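# Give me a 3D structure for the following:
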Amino acid sequence: MNSFEKLGLCDQTLEALALKGFEEPTEIQTLTIPLILEGQRDIIAQAQTGTGKTAAFGLPLLEKVTSRTKSPQVLILAPTRELVIQICEEINSLKGKNSAVIVPIYGGQSIELQLNRLRKGVTFVVGTPGRILDHISRKTLDLSKINYVVLDEGDEMLNMGFIDDIEMILEKTPGNKKNFLFSATMPERIKRLANRYMSDSVHVRTKTELTTSLTDQIYFEVARQDKFEALCRIIDIESSFYGIVFCRTKTEANELSSRLQDRGYAAEGLHGDISQSQREAVLRKFRRKSITVLVATDVAARGIDVSNLTHVINYALPQNPESYVHRIGRTGRASNQGTAVTFITPDEFSKLGFIKRAVNVSIERRNIPEVSQIISVKQKRISDEIGRIVQAGKNDELQKWAEELLQDNDPVEVVAAVLSASFGKVLDTSNYRKLTSVMKKRGKTLVEEGGKTRLFIAKGKDDNISKKSLVDFIVKKAGTPSNLIEKILIHDRYSFVTVPFAEAEHILTKFKRAGKRSIVVKAKKRK
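Numbers count the residues shown, from 1 in each chain. The predicted structure is shown next:
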């Protein structure tokens, strides 16, 4: 935390940063944090999306605000509700023991909920221009005590036609407040806005621009329940996968890392529930490549600097373009080519389009590798490795054994038997399950009906059933591959599991008893 200490942040803030795992400040943070802490001048900060701008203004403003008052002290304007939510979440995660109250204000959210929050008193108001103006006209938002105004993504607000709204809002704020404008570009209209409302301002600009030119960006369209299968296929088809898999929540990150471990991958999770010592241990293993798949949330991955990543996987679609750029910027470093993969479900296609337009980048659609392709790639690797062993020279003891085997058996059958014994499990196609078909119809993307069935099992905790023992029970009775059994829920007297439709019919048949009620039946739909 030495670099953050040099910026002048207090011990409480440094402690919050340590808990989040921030290691080094970004360039824009280094440039702006000391200036905001000094509090003498307005600031125009020019930096690309995904460079840590929220922390650049959020950290020092948390220190500048006084104890909680009825009227807000900080007003942050952002162009979209997604960005508003992200800013609030980020500042809340940074505040540690600070008592500041940060409230999002945007269209589409209950106005009564916003009114209740504002009546209780807030420190930071983060909102979209339209909804902020709505509250001003209702006289439900008092801006007379505002000390600091932040305009985030200024050029984007210009593109979305918010500049007139912003000017109307600024007219309602005190003249002696400090203004901070953050923008990736500086169009003429933004310059005029700055000249009118920002006197004696300082202009800072990052020297390095965020680039994704060295990153191959692709996306796969998958049914939600097939994401895990798709991820495994992508990992398996690569000769040396070394990457970060991004999830939206810590629960999802924890569950995914556990499932990957169960399937035999060298994977671990990184999220907000693990301690700092655990975090450091996981990162050490990842840097040494003793684990090659790191499953992380956006917040947990902030501040990590790992080179030579082959992949970044957006297992969950980023909430906004800034998160997308920040994630994929971890590949393609130090002139190394990297691949950024994004999974989208059929209902997320428009969100991906928004990200593509905002970042101004092409993201190519690809098909998920077929099982036959993966098996073929694995066979090629095995053949190459055998070839290298042959070239390395003879092993006298094994050579003699081989000669004995070949004397009494057909050579092809011997080699086939050895391959089966050594690589049969690795090359078993049943390791992979059929994906739900995603098809196009009348311009819309649809998922074929079917895919999954929920089963009710008349055994639970009272029968000493655990998730593992329940899976073992089904595997033993029906021969179902354990990786097909998902969403296991154990109650006192009964349990639920989810399996593919075809497998469900097979399980029901295996558990069916003549003249008696089966302990496994299809679960009833919730009313």
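
# Which residue ranges of the stretch 51-200 of the chain form strands?
74-77, 102-105, 124-127, 148-151, 178-183 (DSSP state E, counting those that start in this stretch).

# In the last one, which residues are buried?
Burial within strand 178-183, assessed by neighbour count using 16 or more other CB atoms under 10 Å, is assigned to K178, N179, F180, L181, F182, S183. Heads up, the C-betas are built off the backbone N, CA and C, glycines and all.

# Return stretch 226-239 as CSV; C-alpha atoms alone will do.
C-alpha atoms of stretch 226-239 as CSV (Å, rounded to 0.1, in the frame of the first residue of the first chain):
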residue,chain,number,x,y,z
ASP,A,226,-24.9,-24.5,-20.5
LYS,A,227,-22.3,-21.8,-19.4
PHE,A,228,-20.3,-24.3,-17.3
GLU,A,229,-20.2,-26.9,-20.1
ALA,A,230,-19.1,-24.2,-22.6
LEU,A,231,-16.4,-23.0,-20.2
CYS,A,232,-15.0,-26.5,-19.8
ARG,A,233,-14.9,-27.0,-23.6
ILE,A,234,-13.0,-23.8,-24.1
ILE,A,235,-10.5,-24.7,-21.4
ASP,A,236,-10.1,-28.3,-22.8
ILE,A,237,-9.5,-27.3,-26.4
GLU,A,238,-6.6,-25.0,-25.4
SER,A,239,-3.1,-26.4,-25.1
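
# Off-centre distance for that stretch?
The chain centre lies 17 Å from the centre of stretch 226-239; the measure is CA atoms, centre = their mean, to the nearest Å.

# Repeat that for stretch 306-322.
7 Å.

# low-scoring pLDDT stretches of the stretch 51-200 of the chain, where are they?
67-68 (pLDDT under 70).

# any idea how far Y324 is from V306?
Here V306 is placed at a distance of 18 Å from Y324 (CB to CB, to the nearest Å).

# okay, these two: which has more neighbours?
It is Y324, of V306 and Y324, that has more neighbours when counted by other CB atoms under 10 Å, with 29 against 16.

# can I assume that one is in contact with R357?
No. Contact criterion CB atoms under 8 Å: Y324 and R357 do not qualify, at 11.6 Å.

# Could you report the distance from D216 to K172?
48 Å.

# what residues are up against R381?
Each residue near R381 by CB atoms under 8 Å, 6 or more residues apart in numbering is listed here: S239.

# Tell me the bridge partners for the closest residue to N92 other than its chain neighbours.
Among residues not flanking N92 along the chain, I102 sits closest, at 5.5 Å (CB to CB, 6 or more residues apart in numbering). Under the criterion DSSP bridges, I102 forms beta bridges with F124.

# Quick one: the helices in the stretch 51-200 of the chain, in order.
Along the stretch 51-200 of the chain, counting by DSSP state H, counting those that start in this stretch, helices occupy 53-64, 81-94, 111-120, 129-138, 154-159, 163-171, 188-197.

# and what of the stretch 401-527 of the chain?
411-423, 467-478, 501-511.

# right, and those helices - which one's nearest A458?
Distance to A458, taken as CB to CB, is lowest for helix 501-511 among the helices of the stretch 401-527 of the chain, at 10.1 Å.

# Just want the angle from the closest one to helix 467-478.
Orientation check (axes from the mean of the first three to the mean of the last three CA atoms, to 10 degrees): helix 501-511 against helix 467-478 gives 70 degrees.

# so how far is helix 501-511 off the chain centroid?
Distance, centroid of helix 501-511 to centroid of chain: 35 Å (CA atoms, centre = their mean).

# same for that helix, what does it pack against?
strand 452-457, helix 467-478, strand 520-522 (3 or more CB pairs under 8 Å, 6 or more residues apart in numbering; DSSP states H and E).

# need those in TSV with distance to I386 and mean neighbour count, can you?
Output for the helices and strands packed on helix 501-511, formatted as TSV (distance: least, CB to CB, whole Å; neighbours: other CB atoms under 10 Å):
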stretch	distance to I386	mean neighbour count
strand 452-457	40	18
helix 467-478	32	15
strand 520-522	44	16
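
# May I ask you to name the longest helix in the protein?
In the chain, with assignment by DSSP state H, the single longest helix is helix 371-392.

# could you give me the average pLDDT of that one?
For helix 371-392, mean pLDDT rounds to 89.

# Just give me how far it sits from the chain centre.
33 Å.

# Could you list the buried residues of that helix?
Neighbour-count burial for helix 371-392 [16+ other CB under 10 Å]: V371, I374, I375, K378.
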